[in-house]
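Asks: All I have is the shape, not the residue letters:
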């Protein structure tokens, strides 16, 4: 694999609906709280679970994300994990995983070709943002 293509498709939220956790950085917490007009303390108390090494969104009962409501309510300040999808290390570093992801993501295979080295650099942002996950 020397290049890959991805272009987010209009009104698509499939990646947001996949089961799993949405991890956030301290910067994400600050940006989203400000965007929503909340204090960081109130935002964290309502929407965030903090562990020793990670922050993640709490999951609402009948949804994957509190901010998924016919689209992403925090799209302009969405978390690093969401912003970088599908250029995650586990996807771009393993062609079989990328192909598997393409089955559920209509944007994979669309748009301009991206050199795999560029995709790996983008994936490196995930490693920096979540060092306890990507050792």
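Replies: Perfect, thanks for sending it. For clarity, every value in this text was computed on a predicted model and none was experimentally measured.
Asks: what about the strands in this protein?
Replies: For the chain, the strands defined by DSSP state E cover 3-6, 23-24, 48-50, 55-57, 108-115.
Asks: In its sheet, which strands sit next to the longest one, and in what direction?
Replies: Based on DSSP bridges, the pairing partners of strand 108-115 within the sheet are strand 3-6 (antiparallel).
Asks: list the buried ones in the partner strand?
Replies: Neighbour counts over strand 3-6 (16 or more other C-beta atoms under 10 Å) mark 4, 6 as buried. Any C-beta I mention is one placed from the backbone N, CA and C, and that applies to glycine too.
Asks: distance of the nearest residue to residue 134 once chain neighbours are set aside from residue 80?
Replies: Residue nearest to residue 134 in three dimensions, not counting chain neighbours: residue 127, with 4.1 Å by C-beta to C-beta, 6 or more residues apart in numbering. For residue 127, the distance to residue 80 equals 11 Å [C-beta to C-beta, to the nearest Å].
Asks: didn't residue 30 look like it was pressed against residue 40?
Replies: Yes - shown here, residue 30 and residue 40 form a contact pair, counting by C-beta atoms under 8 Å, at 5.9 Å.
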